[in-house]
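*Asks:* sequence and predicted model, in that order:
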Amino acid sequence: MSVIEKGFFYIPVEYDGVEYLANAKEGKVFTKTFFETMMHRIPDAEVVNREQFLLGNLKDKKVVHLGCCGPFHLALEEICTKVWGVDIISCEKREQKPFTPKNFLKIDIEKEQIILEEEPDIILAGEIFEHLSNPGLALDNLHKFECPIIITVPNAFSSLSEPWLKLNIECINKDHVCYYSYYTMKNLVERHGYKVTQFFWYDIYPIVAQGLIFIIQKKG
């Protein structure tokens, strides 16, 4: 399908043997290669409340919770059939409200595989990929599991950042090393042998929502 058929509303023109796409109204001209390389359709998707969505999808499931040293893990222990907590630090060493999870595994998911005595129903990677230096290695280390993986990440294009940017301020967690869009996360998981089976926005509005939710599965 051509970029014109995708609905970018630019007309094809040719100059000196090179095909361009031009929008006379906006006075903009781009090469066709630019469009094919840089423009990516975002699918229509529902906006959900992140916490409610996760609790509803994880209830009565056997869950591996990556990055478990936070209050949400205690809620999972209340509703899941079984939950394994995985983190790079011991939850007892948290600065705020330390606790001891059941079935805790101290693992660096970028360097190690998770060893369990049974297969989980689902893996939750909630708000951790933006912290990882090597997210592809983390995905590779989860390949042994056949179950779906839920990934949630902040939205690179969230409207929450706009008023701060106007003041030359980045409103970003000091521990984050990257931010994801729909396309960049989809690209990452596909490079590492997964496919996106479902996609949602979380909180506020589509496109500029606070974050993204992906459900992924190993390619068959």
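*Replies:* Okay, I see it.

*Asks:* look at Val47 and say how many residues are nearby.
*Replies:* 15 (other Cβ atoms under 10 Å). Glycine gets a C-beta too; all of them are placed from N, C-alpha and C.

*Asks:* list the contacts of it.
*Replies:* Contact analysis of Val47 by Cβ atoms under 8 Å, 6 or more residues apart in numbering lists Phe200, Trp201, Tyr202, Asp203, Ile204, Tyr205, Pro206, Ala209.

*Asks:* what's opposite it in the beta bridge?
*Replies:* Under DSSP bridges, the beta-bridge partners of Val47 are Trp201.

*Asks:* Glu130 versus that one, what's the distance?
*Replies:* 20 Å (Cβ to Cβ, to the nearest Å).

*Asks:* low-confidence ranges in the chain?
*Replies:* For the chain, the stretches with pLDDT under 70 are 1-31, 95.

*Asks:* wait, what's in contact with the nearest residue to Asp203 once chain neighbours are set aside?
*Replies:* Excluding the flanking residues, the one nearest Asp203 by Cβ to Cβ, 6 or more residues apart in numbering is Gln210, at 4.0 Å. Shown in contact with Gln210 (Cβ under 8 Å, 6+ apart): Arg50, Pro154, Asn155, Ser158, Leu160, Tyr202, Asp203, Ile204.

*Asks:* of those, which pair is most distant in space?
*Replies:* Greatest spatial distance among these (Cβ to Cβ): Arg50 and Leu160, at 13.7 Å.
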